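**Student:** Predicted structure and sequence below. I'll ask about it afterward.
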Amino acid sequence: MILKNIKAPTIAKEKYKWSNQIHNKLSYELWVNFIDDNQDYFTWLESTEIGKERLLNIDNIPISFRKGTLEQLQKGQALAEYNEKKGYHEIIIDFHKEFGMVHTTFMKPITKDHLRILLDMANYLEAYLLNNGTEIIDEKALESLK
């Protein structure tokens, strides 16, 4: 596995081709506990200025998007690594209740340190850290990344 080929790792209880085919779902409660226990690195969206602004303006959000926005603002999205120059967090971690999985978005190159944090999260959730839904990134894979 090559580090630069990992773009948006996910966490799930099983490998998958399509996220709607996941049968064994992650525990939302464990996800919340992990983020709460790691507030030195992660921040809940609702704790940020943009999150507070979205909540204040929730009535201005189209109804079709409102449910998803509210889910994000209720411990559904965690952020990390705020870039003061750019004015945003460069890592977004979403818990998808419908699919029972965690999805990541990186606005910077992924490092082994990032993957180590995600592997810690996956282990806590008793799940796999996956690349493309099919390749398991475990301790051995992490050490062998080029």
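**Tutor:** Thanks, I have the structure now. Numbers count the residues shown, from 1 in each chain.

**Student:** Flag every buried residue along the helix or strand Lys140 falls within.
**Tutor:** In this structure, Lys140 sits in helix 139-144 according to DSSP states H and E. Using 16 or more other Cβ atoms under 10 Å as the test for burial, helix 139-144 gives Ala141, Leu142. Where C-beta positions appear, they are placed from N, C-alpha and C, glycine not excepted.

**Student:** how about the strands in the chain?
**Tutor:** 10-12, 42-44, 77-83, 88-96, 101-106, 128-131, 135-136 (DSSP state E).

**Student:** in stretch 120-130, what counts as buried?
**Tutor:** Buried residues in stretch 120-130 (16+ other Cβ under 10 Å): Met121, Ala122, Tyr124, Leu125, Ala127, Tyr128, Leu129, Leu130.

**Student:** mind putting those in TSV, distance to Leu145 and pLDDT included?
**Tutor:** Output for these, formatted as TSV (distance: Cβ to Cβ, whole Å; pLDDT from 0 to 100):
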residue	distance to Leu145	pLDDT
Met121	18	98
Ala122	16	98
Tyr124	21	98
Leu125	21	98
Ala127	20	98
Tyr128	16	98
Leu129	12	98
Leu130	14	98
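
**Student:** So which of the strands of the chain is nearest Asn60?
**Tutor:** Closest approach to Asn60 among the strands of the chain (Cβ to Cβ): strand 77-83, 19.2 Å.

**Student:** quick one: contacts of the closest one?
**Tutor:** Contact with strand 77-83 is made by 35, 41-45, 48, 88-95, 108, as judged by Cβ atoms under 8 Å, 6 or more residues apart in numbering.

**Student:** hey, which helix is longest across the chain?
**Tutor:** In the chain, taking DSSP state H as the definition, the longest helix is helix 112-124.

**Student:** Quick check: which ranges of this protein have low pLDDT?
**Tutor:** Where the chain drops to pLDDT under 70, the residues are 51, 55, 68-70, 72-73.
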